[in-house]
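Engineer: I would like the atomic coordinates for the input below:
(chains A and B)
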Number of protein chains: 2
Amino acid sequence: MIRIGLVGVGKIAHDQHIPAIAADPRFDLVAAASRSQPDLGGLPVFHDIAQMLAEGPELDAVALCTPPQARRETALAALRAGKHVFLEKPPGATVSEVAELAAVAREQGVVLFTSWHSRFATGVPQAKAWLAANPVRTLSIEWREDVRRWHPGQTWIWQAGGMGVFDPAINALSILTEIMPDEVFVTDAKLQVPENVQSPIAGHVDMTTLKGAAITADLDFLQTGPQTWDITAWSDAGELKLSMGGAKLTIDGKVVVDGENREYPGLYDRFATLVAEGRSEVDVRPLTLVADAFMVGTRESVEAFIE
Amino acid sequence: MIRIGLVGVGKIAHDQHIPAIAADPRFDLVAAASRSQPDLGGLPVFHDIAQMLAEGPELDAVALCTPPQARRETALAALRAGKHVFLEKPPGATVSEVAELAAVAREQGVVLFTSWHSRFATGVPQAKAWLAANPVRTLSIEWREDVRRWHPGQTWIWQAGGMGVFDPAINALSILTEIMPDEVFVTDAKLQVPENVQSPIAGHVDMTTLKGAAITADLDFLQTGPQTWDITAWSDAGELKLSMGGAKLTIDGKVVVDGENREYPGLYDRFATLVAEGRSEVDVRPLTLVADAFMVGTRESVEAFIE
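Structural biologist: Alright, predicted model coming up:
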């Protein structure tokens, strides 16, 4: 049994982590830490990780669901206390810091897991297998959602380091880097940044591979009505489409996979396996693509965003 | 004798590469490629790398001095033609693409050298030795130069991907990542971006290490009068100062090294050694720090820059 503490009890913790941990018999949720001091039905809730580690029940592992800007110090505290660490995506505010966390995990002999939940969407494994067999010429990501609906009150998303529309779009990039047989890199980007915030509300990213695949990503945070989380790839063999964030897979118009969302149960299953095997899984490629897009992207100032 | 071709014949090629190659008996400069078709005293000058590779004299290696935005395709063409490649800094427009170039170099059995000229400044080796022995508590980078004096007409520097003031500042970051015994990462950044361009003209970057060193970088592209390229570090044992871009080393006010600039001769010496040993040297850490600063940095729009 892995005794686990949860740090950062916001929307994603309530919606996903707590139910997934509760449903997995290998985990026992024994404590949480949150400045907002939510009522979690009798679970001990501490002010922060330091208090949880000092005063809380014995822990084997910690799952971090705090915003990325503050994640490094929390992760360091947990690793230095000898706890296995599950990082919500993105694994850090910067690419460089994640390598450091991995080094500390090695020194401490504990497991670090940089989780990318969208890779556990139901259609992803078969999409990966198809793309391995059928070289992609063109791939299009369309990731359009309504920030007011999915990120209510999450002001951190608009601050520097919060990534704006890349907070959801990094999910697409995590699928992309999982399913493409070749490494992907950014060649150009355009970022629309509201005049009153620091992070983009929309964007377009051009990417490619060494084999010359033409990859584009169109990102929008102001999509009302139907929401779009689609990846479409074309090879000589036909068209592959992952929709609903990867839950549904269609090949040449024929539905191949259309399963229920099991992303977080999948993540905790992987984490339990990693802990059992004493093996870390650290992948910063999606975050590197975002950093590269910020570095090479052309910025355009657009209308202020008022939630 | 390494027969070398130079791609991109701008200021840095004229000022540094051509004299350094001419002075090193292990190299023979046999061709160049430049859209501006400069007169290089009888040296065959081609329009671009494709023409140079197809129609020019036999080459063993290529040095790329083109702006970073276009470097990837040129480097790929050279590597795929089986040439060793010397990349001027930064090694690419993005972090991700450099890993790809390294993979192609391995496949082709040729050498890739991501050069960081400031690491070859005279004071750097002794600064590194001192910092290995004396743990740093605080380190301050001040990198202030006059863009009009050092980068006349270099409009690419202001375009997206041109990095602005980080084009010189990456030199400081290349020294930093060379001399610090621990890995460095960005915690915060502030970037001042003129309203008429895409890249910062000034900035401040906060960095740290796992041991908690407090590292700051103050960057300015509008410094007139005396120019400042200083790195000062404080440990319990005293104060170390690298000035003049690393050429001069002072410890507790005593001059330890004050040598002439041998950066580019040092780079070509290293490249010749790497080619002789069939070994690549690929380091993207300075570029990763810049990408991280762009990703987490707060941007402020400032007065337009008119050269």
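Engineer: Output the contacting helices and strands for the worst-scoring helix or strand of chain A on mean pLDDT.
Structural biologist: Least confident helix or strand of chain A, by mean pLDDT, DSSP states H and E, is helix A:11-12 with a mean of 89. Applying 3 or more C-beta pairs under 8 Å, 6 or more residues apart in numbering or on different chains; DSSP states H and E, one finds that helix A:11-12 contacts no other helix or strand. Backbone N, C-alpha and C define where each C-beta goes, glycine included.
Engineer: So which residues make contact with that helix?
Structural biologist: Helix A:11-12 has contacts (C-beta atoms under 8 Å, 6 or more residues apart in numbering or on different chains) with A:65, A:88, A:151-152, A:154.
Engineer: and the stretch 151-300 of chain A, which of its residues are near chain B?
Structural biologist: Counting by C-beta under 8 Å from any C-beta of the partner chain, the residues of the stretch 151-300 of chain A close to chain B are A:159-161, A:163, A:183-189, A:198, A:210, A:285, A:288-292, A:294-299.
Engineer: Tell me which entries of those residues lie within strands.
Structural biologist: A:184-189, A:298-299 (DSSP state E).
Engineer: Pull up the gap between the nearest residue to residue A:196 once chain neighbours are set aside and residue A:194, please.
Structural biologist: Distance criterion C-beta to C-beta, 6 or more residues apart in numbering or on different chains; nearest residue to residue A:196, sequence neighbours excluded, is residue A:304 at 4.0 Å. Counting by C-beta to C-beta, to the nearest Å, the gap from residue A:304 to residue A:194 is 5 Å.
Engineer: The two: which is more packed in?
Structural biologist: residue A:194 (20 against 10; other C-beta atoms under 10 Å in any protein chain shown).
Engineer: Might you report the residue contacts of that one?
Structural biologist: Residue A:194 touches A:158, A:201, A:301-305, counting by C-beta under 8 Å, 6+ apart.
Engineer: Pipe those into TSV and attach pLDDT and secondary structure per row.
Structural biologist: TSV is the format used below for the contacts of residue A:194 (pLDDT from 0 to 100; DSSP: H, G, I helix; E, B strand; the rest coil):
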residue	pLDDT	secondary structure
A:158	94	helix
A:201	98	coil
A:301	94	strand
A:302	97	strand
A:303	96	coil
A:304	97	coil
A:305	96	coil
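Engineer: Give the helix, strand or coil label for the residue nearest the centre of chain A.
Structural biologist: With distances taken as C-alpha atoms, centre = their mean, residue A:89 lies nearest the centre of chain A, 3.2 Å away. Local secondary structure at residue A:89 is given as coil here, using DSSP: H, G, I helix; E, B strand; the rest coil.
Engineer: Now do the phi/psi pair for it.
Structural biologist: Main-chain torsions, residue A:89, degrees, to the nearest 10: phi -80, psi 150.
Engineer: What subset of the residues of the stretch 151-300 of chain A next to chain B is buried?
Structural biologist: Buried members of those, counted by 16 or more other C-beta atoms under 10 Å in any protein chain shown: A:159-161, A:163, A:184-189, A:198, A:210, A:285, A:288-292, A:294-297, A:299.
Engineer: Correct me if wrong: residue A:146 contacts residue A:222.
Structural biologist: Yes - counting by C-beta atoms under 8 Å, residue A:222 is a contact partner of residue A:146 at 6.9 Å.
Engineer: which of those two has more neighbours?
Structural biologist: A count of neighbours by other C-beta under 10 Å puts residue A:222 above the other of residue A:146 and residue A:222, at 17 against 14.
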